[in-house]
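build the 3D model from these lines:
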Amino acid sequence: MYYLLVLAVGLERLVELAVAKNNARWAFANGGTEFGHRHYPVMVGIHTALLLSCVAEVALLHRPFFPWLGWPMFAVAALSQGLRWWCVTTLGRRWNTLVIVMPESPLVRRGPYRWIRHPNYVAVVLEGLALPLIHTAWLTALWFGLANAAVLCERIRVENVALGYR
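Reported below is the predicted structural model:
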C-alpha cells in the first residue's frame, strides 16, 4: 500500500505541474515576469528524488510500518496536501511552481496567506518529512529535510525579492 501512496503523490505532482504550466502560459501572456530560475531544476530534482528514495529505502533497507508512527505521519501528509491545494486555489491563476510575478498585482492576503507568507512551503516541509516516515524511511526524511531547507532558503529569498518583501 505504501508504494501505491508514493505513486499517488507522484501523480499528484504531475497534476500540479500541468496546472503550473497552464498558469505560467497565462501569466507570461499577461505580462508576468519570472525571477530566479536557477534553483528550479535543483528543486525539481530534489522532489523527484524524494519519491524515488521513499520507495528505495523501504524496499532495500526493509523499513517496517509501525502504526504508532505511520498513521500520524499519514495524517500529516494528507493535511499537507490539503494545505498545498488550499494555496493553489487561493492564488488561482497566479499559483505556479516557477516564481512569476504579475505586474501591479497586489499581494494575496486571504486563505492561508492571511497568516503566513509562504504557506505552500509549510506543506512541502511537512510532507517531505511525513511521507518517508509513514514507513520509517528516516534516512530519506533526513536527507530531504536538509536538501529542501537549502533550496527553500534560496527559493524564499527569490520570492521575497520578487514580491517586494524586505
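
so for the longest helix along the chain, what gets flagged as buried?
Counting residues, the longest helix in the chain under DSSP state H turns out to be helix 2-29. Within helix 2-29, the residues scored as buried using 16 or more other CB atoms under 10 Å are 2, 5-6, 9-10, 13, 16, 19-20, 23-24, 26-27. Bear in mind the C-beta positions are built from the backbone N, C-alpha and C, glycine included.

between those residues, which sits nearest residue 127?
residue 9 (7.8 Å; CB to CB).

re the thing from before, so which elements touch the longest helix of the chain?
helix 40-60, helix 67-91, strand 99-101, helix 119-133 (3 or more CB pairs under 8 Å, 6 or more residues apart in numbering; DSSP states H and E).

right, and the helix or strand after it?
Once the chain leaves helix 2-29, the next helix or strand it forms, by DSSP states H and E, is strand 33-35.

without its sequence neighbours, what residue ends up closest to the most centrally placed residue in the chain?
Centroid-nearest residue in the chain, with CA atoms, centre = their mean: residue 124, separated by 3.8 Å. Ranked by CB to CB, 6 or more residues apart in numbering and with sequence neighbours excluded, the top spatial neighbour of residue 124 is residue 148, at 6.8 Å.

pLDDT score assigned to that neighbour?
Taken from the predicted model, the pLDDT recorded for residue 148 is 97.

confirm for me that it is in contact with residue 123.
No. Residue 148 is not in contact with residue 123 according to CB atoms under 8 Å; the separation is 11.8 Å.

and the residue lying closest to residue 34 once chain neighbours are set aside, how many neighbours?
Counting by CB to CB, 6+ apart, the nearest residue to residue 34 once its immediate chain neighbours are dropped is residue 100, at 5.1 Å. Residue 100: 20 surrounding residues under other CB atoms under 10 Å.
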